[in-house]
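Asks: Build me a model:
(chains A and B)
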Amino acid sequence: MIKKILTRALPVCMVLMGAGAAAADELTVATPNDPSIDPHYLYVSTNAAYGRHVFGKLLDRDGDARVKADLAVSWKNIDEFTWEFNLREGVTFHDGSTFDAEDVIFSFNRVPNVPNNPASYESNTNMIETITATGPYTLVIKTKNPYPLLLRRISGVSIVSAEAVEGGTTADFTSGQIAVGTGPYKFSAFVPGDRYELVRNEDYWGEQPAYDKVIFRIMPDPASRMAALLGGDVDIVEGFSPSSVETLEAREGFYVAQRASARTLWLYVDIQNDQSPFVTDLDGNPMDNSPLKDARVREAMSIAIDRDAIVTHVMGGLAESANQLVPAGWFSHNPDIDSISVDVKRAKSLLAEAGYADGFGLTVHAPNDRYVNDEKIAQAVAQMLARIGIITQVETMPKSVYFGRLNRQEFSLSMIGWDNSLTGSSLMSLSAAFHTREKDRGYGGWNAGGYSNADFDAAVEAAEKEFDTVKQEKYLNEAMRILIQQDRGAIPLHSQFTILGVRDGVRYEPRVDEHFSAMLAQPSE
Amino acid sequence: MSIPSVQTPFKRFISEYVERKTAVFAFLLLVFVLLTAFLGPFLTMQNPYDLAQITIMESGLAPGAESIDGNTFWLGTDDQGRDLVSAIVFGLRISIMVGIISGVLAVVIGTSVGIVSAYVGGRIDNLIMRVVDLFLGFPSFLIALICLAVLGRGADKVVLALVLSQWANFARIVRGVAIAEREKEYMDAARGLALPKSRIIFRHLLPNCLAPLIVVATMNVAFSITLEASLSFLGVGLPITQPSLGLLIANGYEYILTGKYWLSFYPGLSLLITVASINLVADRMRDVLNPRMKK
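Replies: Residues are numbered from 1 along each chain as shown, chains lettered A, B, ... in the order given. So this is what the prediction gives:
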């Protein structure tokens, strides 16, 4: 809180001081996100992005979410269950030790075993039956079931040094002691809530990044980040506010880097509970028979939401309205699903048909520091639901509180934004967020609405095992159709853009997965 | 000056109060603010707390812009499409209500505790005062922040947090005054008459402690309003769909560098006027009520 007070007072001071421009060999980035230095702790995409600077992986994804070689130089699919990898030779960790297959095995074994991990990376390793070294630079991975997406999954697993990390804890990473990877940058300093500094790894095996030194300045407040950019204090602002885009573009010496991202926002609807926690009758009493269980009510809610208005008036045009959970143009986007057009009249008659002509009470929950304009979107949604007679309240909270409660199914209507770039398809969101909860089989870990449909589950599981991509897409499209068109199991909102404010003199092209990468920044003179 | 001997204390207070023109102006301003807060909500073009009445289609409009149904947004609209005049009037009401209710509650609780503590004395006094010390040991802002972090959002919770963070001040002040008063002759007389304790405390002791209390209580309302605004600005306190002045300022803060100045400016100005007028009135009251301050 105190931090927040300071960060809100800061921009004014900084504009007054007119701080000098940053040096050319240094890149300073204003970011809202505190990093986890331990690359196996707290799986959120911002941490995955930080991790890429210091740590290598067997395979990585490029800015367009295509799989590319990293510490593995080649790989082969022996049969449905077996994969063989040849590792890069002559790579050293930042502490000078040599990279080999033992480090890979150590890292894969560490992923599910990080203590007190609020969000584990194990969804990227739990399909693996065994991982064995057949030589110092050759590996064989066997999966429990046929798993065609293995390559994409392991692009989410950072490789740490077995020698350095053995017995070490997450706190040892945070102190920098064992933050040793093979990545293009080395850990230099970290002050939580303030800054994270990296220096170039001169021994990096690949292409050297352009900047000697990268400094992430952690600034949660968007106005502070903007002021820091205008004041010449930082070169790039991550999480740039759409409302400031016009202002920045009008300024001499700055530009906005933007790109449609693979992240789609939707609303979970509590379909499971007869007595949904935040559904009330008109007098504010809990209801025994939740209206949200009625598909007509869910459809009414969906067509009450004017997505184009949200895109134009809340997102400043920097988003694309969605009718399903993957953006158009992506693999497994189902072209046969109708676009959702706003129709207040029909929404009201659907509510009446379901027996709720006078509406009911509902609270929409959302984080207030996770997605672009999340809090404002929630309020806009509430306005639109209010217009069809649903008496809607809005409750927002920081992501640190929000996601825990979401996963305990404590909400009735709740917002989430899902990045589809890891699997490059709808598979990850469908299997994690809508497949019936089956923890031991690794399904439904994020199923906050309690959606469950056997046909849907079968389609998702078939897609997951299918090596033929044409067939796989068919299964995924079928699953999406069941979820969205038939069952109205989720209410899609829009796909957001990744937006950065950049100083002239720095060239930056955003990644489709919204991950910030200093390796993509270059001086433009 | 008329003849002092026929003046009641209240009349004397009034006649002295009006001697300072700024104080009269501040009082009139305060009356205007209060009328706006309590009558304004019946006159505004929309109820900004009713989500069905606002639309993001009208968000971020400049002052003087026209609404879809032909009304004029004199001060523009905020980022959710609320008419800023309506939002300020409703926000003012909620800010002042929270300020007054929590201020009065804190005064009542603090005064009761302080006066009882002073009159009873001894071990109980000691115990009570240590509790008071404990509360005074933390900044009131911190106490309120912790309370709201635990309790969540809502006007009732804000009031509770503000009372908890401020009652100790009053207990301390009242106890000081009451201890001095306790030793005076009229108290001996009251005790000599064997009046019940409660009667002595509340009919004899309390009225004689009132003068300083009135001043501090008035100032406290202003402080409560500021405190509530600060809490809302930081995103704890009132629900986001029912913005008080502090929340309106916070909402507009994001746009401060984008030229949409009205989003924060007018709510900020309203807060400034409200708090300044209360403080000026309280200031003058202190001058009049405190004989030592007289020239």
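
Asks: what distance separates the start and the end of stretch A:95-115?
Replies: 25 Å (CA to CA, to the nearest Å).

Asks: Residues contacting it, please?
Replies: Stretch A:95-115 is contacted by residues A:38, A:40-41, A:56, A:58, A:71, A:87-88, A:91-93, A:120-122, A:124-126, A:128, A:131-133, A:135-139, A:157-166, A:169-170, A:180, A:182 when judged by CB atoms under 8 Å, 6 or more residues apart in numbering or on different chains. (Each C-beta comes from the backbone N, C-alpha and C, glycine too.)

Asks: Those residues, buried ones only, as a ChimeraX selection?
Replies: Command for ChimeraX that selects the buried part of the contacts of stretch A:95-115, burial taken from 16 or more other CB atoms under 10 Å in any protein chain shown:
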select /A:38,40,41,56,58,71,87,88,91,93,120,121,122,124,125,126,128,131,137,139,157,158,159,160,161,162,163,164,165,169,170,180,182
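
Asks: Restricted to helices, list the contacts of stretch A:95-115.
Replies: Here DSSP state H is the test, and those give A:Ala162, A:Glu163, A:Ala164, A:Val165, A:Thr170 as lying in helices.

Asks: Let me have the residues you listed in JSON lines, extended by distance to B:Leu206.
Replies: Below are the ones in helices among the contacts of stretch A:95-115 laid out as JSON lines (distance: CB to CB, whole Å):
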{"residue": "A:Ala162", "distance to B:Leu206": "76"}
{"residue": "A:Glu163", "distance to B:Leu206": "76"}
{"residue": "A:Ala164", "distance to B:Leu206": "72"}
{"residue": "A:Val165", "distance to B:Leu206": "69"}
{"residue": "A:Thr170", "distance to B:Leu206": "59"}
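
Asks: Next one, pLDDT for the closest residue to chain B within chain A please.
Replies: For chain A and chain B, the shortest gap (CB to the nearest CB) falls at A:Ala386, measuring 3.7 Å. What the model reports as pLDDT for A:Ala386 is 96.

Asks: Which SSE is immediately downstream of whichever helix or strand it is part of?
Replies: Per DSSP states H and E, A:Ala386 falls inside helix A:374-387. Going down the chain from helix A:374-387, the next helix or strand is strand A:391-397, by DSSP H and E.

Asks: Could you report the neighbour count for the closest residue to A:Ala260 other than its chain neighbours?
Replies: Of all residues not flanking A:Ala260 in the chain, A:Phe497 sits nearest, at 5.4 Å (CB to CB, 6 or more residues apart in numbering or on different chains). By other CB atoms under 10 Å in any protein chain shown, 22 other residues sit near A:Phe497.

Asks: what do you get for the one 5 residues further on?
Replies: Residue crowding around A:Val502 was assessed by other CB under 10 Å; the count is 23.

Asks: cool, the one 5 residues further on as well?
Replies: For A:Arg507, the count of nearby residues is 15 (other CB under 10 Å).

Asks: rewinding a little: among the ones in helices among the contacts of stretch A:95-115, which pair sits farthest apart?
Replies: A:Glu163 and A:Thr170 (18.0 Å; CB to CB).

Asks: Kindly format the C-alpha coordinates of the helix holding A:Ala386 as CSV.
Replies: C-alpha atoms of helix A:374-387 as CSV (Å, rounded to 0.1, in the frame of the first residue of the first chain):
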residue,chain,number,x,y,z
ASP,A,374,-9.7,-5.6,-16.2
GLU,A,375,-11.5,-3.6,-13.6
LYS,A,376,-13.1,-1.3,-16.2
ILE,A,377,-14.2,-4.2,-18.3
ALA,A,378,-15.9,-5.8,-15.3
GLN,A,379,-17.8,-2.6,-14.6
ALA,A,380,-18.8,-2.3,-18.3
VAL,A,381,-20.1,-5.9,-18.2
ALA,A,382,-22.1,-5.1,-15.1
GLN,A,383,-23.7,-2.1,-16.8
MET,A,384,-24.8,-4.3,-19.7
LEU,A,385,-26.2,-7.0,-17.4
ALA,A,386,-28.0,-4.3,-15.4
ARG,A,387,-29.7,-3.2,-18.6
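
Asks: Where does pLDDT dip in the chain?
Replies: Just going to use chain A. Low-confidence segments of chain A (pLDDT under 70): A:1-24, A:525.

Asks: try again with chain B
Replies: B:1-6, B:291-295.

Asks: which parts of it sit against chain A?
Replies: Within chain B, the positions near chain A by CB under 8 Å from any CB of the partner chain are B:50-52, B:54-57, B:59-60, B:79-81, B:145, B:153, B:233-236, B:239-241, B:253-260.

Asks: Of those, keep whichever come out buried.
Replies: Using 16+ other CB under 10 Å, the buried ones in these are B:51-52, B:54-57, B:59-60, B:79-81, B:145, B:153, B:233-236, B:239-241, B:253-258, B:260.

Asks: For the helix or strand A:Ala223 falls within, name the packing helices and strands.
Replies: Using DSSP H and E, A:Ala223 sits in helix A:222-230. The contact analysis (3 or more CB pairs under 8 Å, 6 or more residues apart in numbering or on different chains; DSSP states H and E) places helix A:222-230 against helix A:2-17, strand A:26-31, strand A:236-237, strand A:490-503.

Asks: make it 6 Å
Replies: When contacts are defined as 3 or more CB pairs under 6 Å, 6 or more residues apart in numbering or on different chains; DSSP states H and E, helix A:222-230 packs onto helix A:2-17.

Asks: what residues are up against B:His174?
Replies: No, residue B:174 isn't His; it's Val. B:Thr111, B:Gly114, B:Ile115, B:Cys209 (CB atoms under 6 Å, 6 or more residues apart in numbering or on different chains).

Asks: Would you check how far apart the residue nearest to A:Ala260 and A:Glu197 are?
Replies: Distance of A:Phe497 to A:Glu197, given as CB to CB, to the nearest Å: 29 Å.

Asks: now swap in A:Pro115 and tell me
Replies: Counting by CB to CB, the gap from A:Pro115 to A:Glu197 is 27 Å.

Asks: what does chain A have sitting close to chain B?
Replies: A:1, A:4, A:222-223, A:226, A:243-244, A:247, A:309, A:313-314, A:379-380, A:382-383, A:386-387, A:394 (CB under 6 Å from any CB of the partner chain).

Asks: Mind doing that once more with 7 Å?
Replies: Chain A comes close to chain B at residues A:1, A:4-5, A:8, A:222-223, A:226-227, A:241, A:243-244, A:247, A:309, A:313-314, A:375-376, A:379-380, A:382-383, A:386-387, A:392-394, A:396, as judged by CB under 7 Å from any CB of the partner chain.
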